[in-house]
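> I would like the atomic coordinates for the input below:
(chains A and B)
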Amino acid sequence: MARYILGRLLSAIPTLFLIVTISFFLIRVAPGGPFDLERPLEAKVMENLQRIYQLDKPLWQQYLLYLKSVASGDFGPSFYFRDFSINELFAASLPISIKLGASALLLALVAGGFMGMIAALRQNRSTDYAMMAAATIGVTIPNFVVAPLLTLFFGVWLGLLPVGGWNNGAAQNMILPIITLALPQIAVVARLTRGSMIEALRSNHVRTARAYGLSNYAVVVVHSLRGAILPVISYLGPAAAALLTGSVVIETIFGIPGVGRYFVQGALNRDYTLVMGTVVMVAVFVIVFNLIVDVLYALLDPRVRYD
Amino acid sequence: MTSTTDERDLKAASAVRGRSLWDDARDRLLANKAAVTSMVVLVAVAIACFIGPLLSPHDYDEVYREYVKVPASLEPYPRADQVTPEIESVLRRARVTVDELTVESGNFTARISSPRKIDPRVTRYIDRSDLFENAEIYDFSADEKSATVRADVKTLYFFFGTDSNGRDLMTRTLIAGRVSLTIGLLATFVAIAIGVVYGAVSGYLGGRVDLLMMRIVDILYSLPFIFFVILLVVFFGRNFVLMFIAVGAVEWLDMARIVRGQTLSLKRQEFVQAAEALGVDNAGVLKRHIIPNTLGQVVIYMTLLVPKVILLESFLSFLGLGVQEPMTSWGVLISEGSRNVQGAAWMLIFPSIFLTSTLFALNFIGDGLRDALDPKDR
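Numbering: from 1, shown residues only, chains lettered A, B, ... in the order given. Next up is the predicted model:
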């Protein structure tokens, strides 16, 4: 197992290298530069800026320099947020996004799994239909509609929760963003759990467990759910990566200083290092979570082995 | 003798027409209540969006300065208590004094006076207001220092209210729907076209070409998708036409994989081998045999792709990267609405209703089509 994990981590290096290379050259090809303002800077100022940020060197040299600094874990200075390095920006905002994303993920897993399980146990009855209708709504309505509607209900009309802001992570400021983030995930998890749970309940080992006279709890939770949770886990891997690296929409609407905004801001302001940093961060999250999914698979399903 | 038998056979054959896959699929689809309802909803939304703006009395970019952020209502504007203050403010702007004012329903008459001679062009001040029309001036006194003006009150309906610039939200929502639906369809066609051709070529040629083409797809997959879209938008500028090409150019990856998978199984089939044995060239086989046989999957994927593209376009517009003012799309309207949610909730609610009902309908149609075309999958 350890050998397998090590192998996977090593094979991630060429992938990361490719991603860094492609996005480095793609963002450089885009017209405009980080210091193009409405009123152009004076030539001398521009020249100095370019020299400080090493933009005056040939592109391949810049690329090598960037590769070197990324390899040592330094993502360089930000071009737009002057006086900040990318590492500092991420250190400040990534924990916030992770906190929100992890809470949403947990909520999605618990609520969605529970809904899916109930729906599967009451298959083709009104409870089932109600749950699945709710899940369809959750999947269809986009988060930039859900978020303002939630603020409208709970923030403006009922006045229960603040409409936005982070307020150093106060609980009431986190409720709406977490719910908005979790809703579509709850819906997908519920659908997946229902599907695989129905299949698991019909399988031979569950029938045997029932024949042995095991309690309903043991049959459903120990023997069915364990197998039924597998598709959910393989879905949640990439989803977790996306949730933990922040959402532009949620952070914009609720005014949260997370890491999701940096993507759009970086690309629009041609903040090369910021964009690159975000790309690498997302890629690392995706790779790590795919690995976690595969390891969990092996732990949950004894038929899967990596030796 | 034989010829008549042949004719009879021919007649019998034409009387009992065979049922194609598509006939079966259509019947199954029409039996699906959710899908049929969704089709009705979708057609209604489409008709409203494409014909509605032509019938609407307001232009989508017409600004009513007196009606900024008025709530949605079935009652006509202006309200009774709005008229008198507006008359007074208009005539004050015209620098005349109101001596006597009678307001009836539909029009008003005012006796005005001024220390100087009254210019008959005073009526223009009245007409310029969004509340009045057909202003006229008569009954000048001998020294022309007092006169009577009358004007009709212009009744306007804002069923969805107006936005923060005083534009009719109903017309804007419908125009936005036109933009969103058009982009959704066009971008989907771009994505489908690229994906089908790419996937079919890759799967059919196989070998090293396939390996290379699929590696390219894998690499594009691993790039963060939003990064890619934003880059494309940055490249092309904020241009309406190029926007859907950008979106389409990003969304073809799944299609390519699906079609490649289908092609791999199709190219081993006898009819393809027969075509090859008859000397049909690669392009011919692809065009005549491979691509038509993947159409079922393509149609299903297409109905599911349209809502995805609409969502993506709305998302980009929400970020301010998509459609630009005064043109609008559902994403733009929702983003404006979410900024004005405190105090002008209707600006959020109406575009949201249109967007979500369209997305719902498209999703149900997609699910229905999948069930109809692939009965095993139920």
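
> helices of the stretch 1-150 of chain B, residue ranges please.
B:2-15, B:21-31, B:33-55, B:80-93, B:122-128 (DSSP state H, counting those that start in this stretch).

> most tightly packed of the ones you listed?
Greatest average neighbour count among these goes to helix B:122-128 (a mean of 17), per mean count of other CB atoms under 10 Å in any protein chain shown. In short, each C-beta sits where N, CA and C put it, glycine included.

> returning to what we had before: which among the helices of the stretch 1-150 of chain B is found nearest to chain A?
Closest approach to chain A among the helices of the stretch 1-150 of chain B (CB to the nearest CB): helix B:33-55, 9.6 Å.

> quick one on the thing from earlier: could you export the helices of the stretch 1-150 of chain B as JSON lines, including mean pLDDT?
Shown next, in JSON lines, are the helices of the stretch 1-150 of chain B (pLDDT from 0 to 100):
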{"stretch": "helix B:2-15", "mean pLDDT": "59"}
{"stretch": "helix B:21-31", "mean pLDDT": "79"}
{"stretch": "helix B:33-55", "mean pLDDT": "88"}
{"stretch": "helix B:80-93", "mean pLDDT": "78"}
{"stretch": "helix B:122-128", "mean pLDDT": "78"}
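
> out of these, the one nearest residue A:72 is which?
Residue A:72 sits nearest to helix B:33-55 of all the helices of the stretch 1-150 of chain B, at 54.7 Å, using CB to CB.

> contacting residues around residue A:67?
residue A:20 (CB atoms under 8 Å, 6 or more residues apart in numbering or on different chains).

> my guess is it is in a helix, correct?
Yes - using DSSP: H, G, I helix; E, B strand; the rest coil, the assignment for residue A:67 is a helix.

> looking at it now. What's its pLDDT?
pLDDT, residue A:67: 88.

> hmm, back to that, so which of the helices of the stretch 1-150 of chain B gets nearest residue A:265?
helix B:33-55 (33.1 Å).

> point out where the chain drops to low pLDDT.
All of this is about chain A. Applying pLDDT under 70 to chain A flags the ranges A:38, A:304-307.

> hmm, no, I was thinking of chain B.
B:1-18, B:21, B:222-226, B:237-240, B:374-378.

> can you tell me which residues in it are near chain A?
Proximity of chain B to chain A (CB under 8 Å from any CB of the partner chain) is limited to residues B:219, B:222-224, B:226-227, B:230-231, B:234-235, B:307, B:311, B:314-315, B:318-319, B:321, B:331, B:334-335, B:337-338, B:341-342, B:345, B:348-349, B:352, B:355-356, B:359-360, B:363.

> buried members of the residues you listed into ChimeraX, please.
Selecting the buried subset of these in ChimeraX, with 16 or more other CB atoms under 10 Å in any protein chain shown as the burial test, is done by:
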select /B:222,223,224,226,227,230,231,234,307,311,314,315,318,319,321,331,334,335,337,338,341,345,348,349,352,355,356,359,360,363
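
> for the stretch 51-200 of chain B, give the residue positioned nearest to chain A.
Counting by CB to the nearest CB, the stretch 51-200 of chain B gets nearest to chain A through residue B:180 (12.1 Å).

> near chain B, which residues of the stretch 1-150 of chain A show up?
A:15, A:18-19, A:22-23, A:26-27, A:29-32, A:136, A:139-142, A:144-145, A:147-149.

> coming back round to it: element containing the residue of the stretch 51-200 of chain B closest to chain A?
helix B:169-205 (DSSP states H and E).

> remind me what that helix packs against, helices and strands.
Helix B:169-205 is packed against helix B:33-55, helix B:207-222, helix B:240-250, helix B:252-266, helix B:282-285, helix B:291-318, helix B:330-339, helix B:346-373, with contacts defined by 3 or more CB pairs under 8 Å, 6 or more residues apart in numbering or on different chains; DSSP states H and E.

> want to throw those helices into TSV with distance to residue A:202?
Shown next, in TSV, are the helices and strands packed on helix B:169-205 (distance: least, CB to CB, whole Å):
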stretch	distance to residue A:202
helix B:33-55	25
helix B:207-222	34
helix B:240-250	40
helix B:252-266	28
helix B:282-285	43
helix B:291-318	27
helix B:330-339	43
helix B:346-373	21
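
> nearest to residue B:91, out of these?
Closest among the helices and strands packed on helix B:169-205, using CB to CB: helix B:346-373, at 32.1 Å.

> buried residues in the closest one?
B:346-352, B:354-373.

> what sits against residue 86?
Reading this off chain A. Residue A:86 touches A:75, A:76, A:77, A:78, A:273, A:274, A:277, counting by CB under 8 Å, 6+ apart.

> hm, I was asking about chain B
Counting by CB under 8 Å, 6+ apart, residue B:86 has contacts B:66, B:78, B:129, B:131, B:132.

> please, where are all the helices along the stretch 51-200 of chain A?
Using DSSP H, counting those that start in this stretch, helices in the stretch 51-200 of chain A cover A:59-71, A:86-107, A:113-121, A:126-140, A:143-150, A:171-201.

> if anything else comes up later, I'll come back, but that's it for now.
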